[in-house]
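Engineer: would you be able to build a 3D model of this:
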Amino acid sequence: MHKFKIIKRGTAPASDRDNIIFSRRFLMVTKQLKLIVVVSCFISIAVLAGCGSQSQSTGSIIATERAGNLTVSFSNPKGRFSEGDNDFTVEFKDGGGKPVDAGAITINFDMPAMGSMAHMHSGAKLMTTDKPGVYRGTVNLDMNGSWEVSVIYKGAAGEGKGNFSIIAK
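Structural biologist: Residues are numbered from 1 along each chain as shown. Predicted coordinates for the structure are as follows:
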């Protein structure tokens, strides 16, 4: 059990003043260390999350089909396309499931004419990524509903064509 004695300010013996100063400095250093540890943890989590995003899945698979001798998969974080701008990932794999560079790629989204509504067409814009066989794309769909997606590729992996049906919701 500690005993504390109350003393008037400025009247404490030198040894007590030294202990008080040491205690205050110790508390200040302890608070600074806690702050450093907390900030370091947040930075570590942010760095790990950023690094992991490149190696993790590209989102939920929307559709997978054969196109020539390759398998083509569309995915995005929402797991679906919807009216308006859509970001997506398209991945090309060979028969063994290994990603392959598909070369020149064209992806078109078409909605056939229905009644008085005219045919709609949207071409996807694609960019390569640092991973072979994985491309990032954007497309603007005019409305929700059933869309036919055509994929055409020509490159070192050969050439092929495939058709998908997707529903934008």
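Engineer: now the element after the strand or helix carrying Gln32, going C-ward?
Structural biologist: Element membership of Gln32 [criterion: DSSP states H and E] is helix 14-55. Following helix 14-55 in sequence order, the next helix or strand is strand 60-67 (DSSP H and E).
Engineer: if you count neighbours, what's buried in that next one?
Structural biologist: Ile62, Ala63, Ala67 (16 or more other CB atoms under 10 Å). C-betas here are computed from N, CA, C, even on glycine.
Engineer: what lies in contact with that strand?
Structural biologist: 71-81, 88, 92, 149, 151-153, 160-166 (CB atoms under 8 Å, 6 or more residues apart in numbering).
Engineer: rerun that using 7 Å as the cut-off
Structural biologist: Contacting residues not belonging to strand 60-67 are listed as 71-76, 79-81, 151, 153, 160-162, 164, 166 [CB atoms under 7 Å, 6 or more residues apart in numbering].
Engineer: how about the CA coordinates for that strand, as PDB?
Structural biologist: Presented in PDB, the C-alpha positions along strand 60-67 are these (Å, rounded to 0.1, in the frame of the first residue of the first chain):
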ATOM      1  CA  SER A  60     -17.700 -12.200 -57.700                       C
ATOM      2  CA  ILE A  61     -17.900 -14.200 -60.900                       C
ATOM      3  CA  ILE A  62     -20.700 -12.900 -63.200                       C
ATOM      4  CA  ALA A  63     -20.400 -15.300 -66.100                       C
ATOM      5  CA  THR A  64     -17.900 -17.900 -67.400                       C
ATOM      6  CA  GLU A  65     -18.000 -19.300 -71.000                       C
ATOM      7  CA  ARG A  66     -15.800 -20.900 -73.500                       C
ATOM      8  CA  ALA A  67     -14.500 -18.700 -76.300                       C
END
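Engineer: measure the nearest residue to Gly158 once chain neighbours are set aside to Gly160 for me?
Structural biologist: Spatially, and ignoring its direct neighbours in sequence, Gly158 is nearest to Asn69 (5.5 Å; CB to CB, 6 or more residues apart in numbering). For Asn69, the distance to Gly160 (CB to CB, to the nearest Å) stands at 6 Å.
Engineer: what pairs with the one helix or strand Ile152 maps to, parallel or antiparallel?
Structural biologist: Assigned by DSSP H and E, Ile152 belongs to strand 145-155. Paired neighbours of strand 145-155 in the sheet (DSSP bridges): strand 104-111 (antiparallel), strand 158-168 (antiparallel).
Engineer: can you list those in TSV and add mean neighbour count?
Structural biologist: Compiled in TSV, the strands paired with strand 145-155 are given as follows (neighbours: other CB atoms under 10 Å):
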stretch	mean neighbour count
strand 104-111	17
strand 158-168	15
